[in-house]
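Student: the following comprises the amino acid sequence and a computationally predicted model.
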Amino acid sequence: MTANEFQIHLQKGLKDGLSVSFKLIKTIIPFYIVVDIINHTQTANYIGSIFSPIMSIFGLTGKMSLALISGYTVNLYAAIAALMPLYPNWREVTIVGLMSGISHNLIIEGAVLHKTGINAFFTVVLRIAVSFAAGIILNLLFRVVYG
């Protein structure tokens, strides 16, 4: 590789890297700010109390439903951004990460599936069910192994 080719590849890599970074920043910062604001209001306690019975099955607090909903509807980066202001421990991060990894971006991916002729409703429901099962199993596994 010549010095000129190296410079061209380096410039393209930097340009692509910055482009991806700005896309991530546009997702992460707004979600982080919104969840942080909500977390400092009574709204977080209200949301937490509503979702607490369901989220406890996964070993999560009720407030962490914000992170799951963000991941399910938007993407993994939104889930991470919504989770961080809630000060999760490693178990909670792992469980939310697994569940969001299985069922992320459901709205857009559901629309794409529908356009391809696949039953989008069935696929979305299946992904959510699998993510719930995975969250329950992982929580149980953590309890057995770590107490």
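Tutor: Thanks, I have it. Numbers count the residues shown, from 1 in each chain.
Student: select the longest helix from the protein.
Tutor: Longest helix in the chain by number of residues (criterion: DSSP state H): helix 3-39.
Student: how about that one, which residues are buried there?
Tutor: 27-28, 31-32, 35, 38-39 (16 or more other Cβ atoms under 10 Å). C-beta: built from backbone N, CA, C; applies to glycine.
Student: could I get those as JSON lines with pLDDT and distance to L76?
Tutor: Putting the buried residues of helix 3-39 into JSON lines (pLDDT from 0 to 100; distance: Cβ to Cβ, whole Å) gives the following:
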{"residue": "T27", "pLDDT": "78", "distance to L76": "10"}
{"residue": "I28", "pLDDT": "81", "distance to L76": "10"}
{"residue": "F31", "pLDDT": "79", "distance to L76": "11"}
{"residue": "Y32", "pLDDT": "83", "distance to L76": "14"}
{"residue": "V35", "pLDDT": "82", "distance to L76": "15"}
{"residue": "I38", "pLDDT": "85", "distance to L76": "20"}
{"residue": "N39", "pLDDT": "81", "distance to L76": "20"}
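Student: need those residues in JSON lines with distance to E5, can you?
Tutor: Listed next are those as JSON lines, based on distance: Cβ to Cβ, whole Å:
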{"residue": "T27", "distance to E5": "34"}
{"residue": "I28", "distance to E5": "34"}
{"residue": "F31", "distance to E5": "40"}
{"residue": "Y32", "distance to E5": "39"}
{"residue": "V35", "distance to E5": "45"}
{"residue": "I38", "distance to E5": "50"}
{"residue": "N39", "distance to E5": "50"}
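Student: how about the helices in this structure?
Tutor: Using DSSP H, helices in the chain cover 3-39, 42-56, 65-73, 76-83, 90-102, 106-116, 120-146.
Student: for the record, mean pLDDT for stretch 57-75?
Tutor: Across stretch 57-75, the average pLDDT comes to 93.
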